[in-house]
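**Q** Next come a sequence and a model predicted from it.
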Amino acid sequence: MKRILISSRGKPEQLAELFRKALPQHEILIDMPNAGDAPIDYMVVGRPAPGVIASVGPVKLVLSLNAGIEHLLESGEIAAHTPIVRMVDDGLAGGMTEWVLAEAMAWHRNIRLYERLQRDLKWEPQQEKLAHERTVTVLGAGALGTPAARNFAALGFKTNVWSRTGREVPGARSFAGPDALLEAAFGANILVNLLPLTKETQNIVDAGLLDALAKGAFFINGARGAHVVDQDLIDALDSGQLSGAALDVFRIEPLPENDPLWHHPKILISPHVAAPTHMHIAVQEIATNIQRFERGEAIPHLVDKSLGY
Ligand code: NDP
Ligand code: OXD
């Protein structure tokens with residue numbers, strides 16, 4: 001009987017129950033002292049505590065409950081030859097698209113401004129624009145960036161999408177590689193970050209990139225806090241280069257109480273909820289990948305460790 005070890009900070013017992021139903025021929029263990037004494041075939045990981053993966057010894061596959069896997073690579077605990085499978089599912093893609101569009105549309109149609117004005121009984125119509133009068137640039141054309149960009153384009157926004165290889169997204173204009181970054185961002189009214197965190201992408205949202213946007217642009221970060229140079233973001237908000245930012249992710253989470261991002265009047269904070277993993281969907285996805293692996297079939301969404309995503 002093949003053994004699956006679950007190491008996740010979020011509801012491991014519930015996950016184990018779902019895996020027992022999805023893979024009844026497998027033994028499901030939750031990480032606990034000595035759980036890994038007998039050989040483990042597969043590890044299912046959320047954000048495992050440091051040392052847990054290393055303590056388990058060699059496994060055939062590591063299956064991530066998260067889309068972002070930079071913490072797994074950074075830990076150095078997974079052997080170079082052990083494949084890592086990222087989480088890609090409709091729940092994550094749908095959740096991220098909803099959150100990004102909600103923040104973008106609330107800014108585009110001044111929803112939050114009117115909410116503030118209502119508090120002071122102020123009747124102050126703004127000059128409302130139509131989607132086709134605005135440009136959106138999405139950084140990342142992957143499992144999350146693609147549906148976000150496709151939906152912006154479908155709503156009529158002029159849509160740019162930037163990726164490493166220039167992946168095409170229907171309705172959007174594609175840009176490839178570092179040399180095209182500023183061109184992709186130039187004059188955009190909304191910048192959306194959906195990149196993975198790698199050596200190449202950390203600190204990518206800096207003064208240079210923000211200055212390329214249209215004056216008064218809106219920034220949406222659904223990816224990772226370490227993509228953003230926080231002081232450059234604050235400076236751009238204070239100078240009026242940006243009119244606002246919606247941030248779901250931070251360098252330190254939970255965001256410390258004394259962090260200036262909490263207190264900035266133009267910043268909207270959400271607690272890393274843009275695209276939470278939905279347990280039922282994720283378990284089904286992982287179970288399917290384990291079954292594919294056992295039938296000797298190719299598994300989608302393997303991490304390319306040399307690229308870091
Ligand atoms: P994917 O791996 O599917 O897509 C990554 C995209 O980024 C690809 O288009 C890729 O280009 C592009 N890219 C990678 N490196 C570079 C680079 N150096 N220069 C330009 N483009 C680059 O990732 P997902 O869409 O699944 O997820 C993106 C991130 O979203 C995750 O890594 C995670 O950090 C974050 N996330 C946040 C959540 C939240 O709740 N806030 C939930 C889930 C994920 P190419 O297409 O050419 O390969
Ligand atoms: C993820 C996340 O990467 O939750 O899945 O951020």
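**A** It's in. Ligands and ions are numbered 1, 2, ... in the order given.
**Q** Val205 is in contact with Leu181, correct?
**A** No - counting by Cβ atoms under 8 Å, Leu181 stays clear of Val205, with 10.4 Å between them. The way it works is simple: take the backbone N, C-alpha and C, and place the C-beta from them, glycine included.
**Q** In the chain, what helix or strand scores lowest on average pLDDT?
**A** helix 52-56 (a mean of 91; mean pLDDT, DSSP states H and E).
**Q** Give me the next element, helix or strand, following that helix.
**A** With elements assigned by DSSP states H and E, the helix or strand that comes after helix 52-56 is strand 61-64.
**Q** which neighbours does that following strand have in its sheet, and in what orientation?
**A** Its sheet considered, strand 61-64 pairs with strand 42-45 (parallel), strand 84-85 (parallel) by DSSP bridges.
**Q** What are the contacting residues of that strand?
**A** Strand 61-64 is touched from outside by 41-45, 53, 72, 78, 82-87, 286, 289-290, 293, 299, with contacts defined as Cβ atoms under 8 Å, 6 or more residues apart in numbering.
**Q** Can you say which of the residues you listed are buried?
**A** When the contacts of strand 61-64 are checked for burial by 16 or more other Cβ atoms under 10 Å, the buried set is 41-45, 53, 72, 78, 84-87, 286, 289-290, 293.
**Q** Where does confidence bottom out across those residues?
**A** pLDDT across the buried ones among the contacts of strand 61-64 is lowest for Ile53, at 92.
**Q** Now do it against ligand 2, distance only.
**A** In this view, Ile53 and ligand 2 are 17 Å apart by Cβ to the nearest ligand atom, to the nearest Å.
**Q** The residue found closest to that residue once you drop the neighbours it is linked to in the chain: neighbour count?
**A** Among residues not flanking Ile53 along the chain, Glu77 sits closest, at 3.9 Å (Cβ to Cβ, 6 or more residues apart in numbering). Glu77 has 18 neighbours, counted by other Cβ atoms under 10 Å.
**Q** My guess is Glu77 contacts Val45. True?
**A** No - Glu77 is beyond contact range of Val45, at 9.9 Å (criterion: Cβ under 8 Å).
**Q** Find the residues that touch each one of the two.
**A** Common contact partners of Glu77 and Val45 (Cβ under 8 Å, 6+ apart): Ile53.
**Q** Tell me which residue in the chain sits closest to ligand 1.
**A** Residue of the chain nearest ligand 1, by Cβ to the nearest ligand atom: Gly142 (1.7 Å).
**Q** Which pLDDT does the model give that residue?
**A** At Gly142, the model reports a pLDDT of 98.
**Q** didn't it look like it was pressed against Pro196?
**A** Yes - in this structure, Gly142 is within contact of Pro196 by Cβ under 8 Å, at 7.4 Å.
**Q** Overlap of the contact sets of the two?
**A** Taking Cβ under 8 Å, 6+ apart as the criterion, Gly142 and Pro196 both touch Tyr309.
**Q** what about the strands in the chain?
**A** Along the chain, counting by DSSP state E, strands occupy 3-7, 27-30, 42-45, 61-64, 84-85, 135-139, 158-163, 173-176, 190-193, 217-221, 242-247, 267-269.
**Q** could you dump these to JSON lines with distance to Glu98?
**A** Below are those laid out as JSON lines (distance: least, Cβ to Cβ, whole Å):
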{"stretch": "strand 3-7", "distance to Glu98": "28"}
{"stretch": "strand 27-30", "distance to Glu98": "31"}
{"stretch": "strand 42-45", "distance to Glu98": "26"}
{"stretch": "strand 61-64", "distance to Glu98": "22"}
{"stretch": "strand 84-85", "distance to Glu98": "25"}
{"stretch": "strand 135-139", "distance to Glu98": "15"}
{"stretch": "strand 158-163", "distance to Glu98": "17"}
{"stretch": "strand 173-176", "distance to Glu98": "24"}
{"stretch": "strand 190-193", "distance to Glu98": "13"}
{"stretch": "strand 217-221", "distance to Glu98": "13"}
{"stretch": "strand 242-247", "distance to Glu98": "13"}
{"stretch": "strand 267-269", "distance to Glu98": "15"}
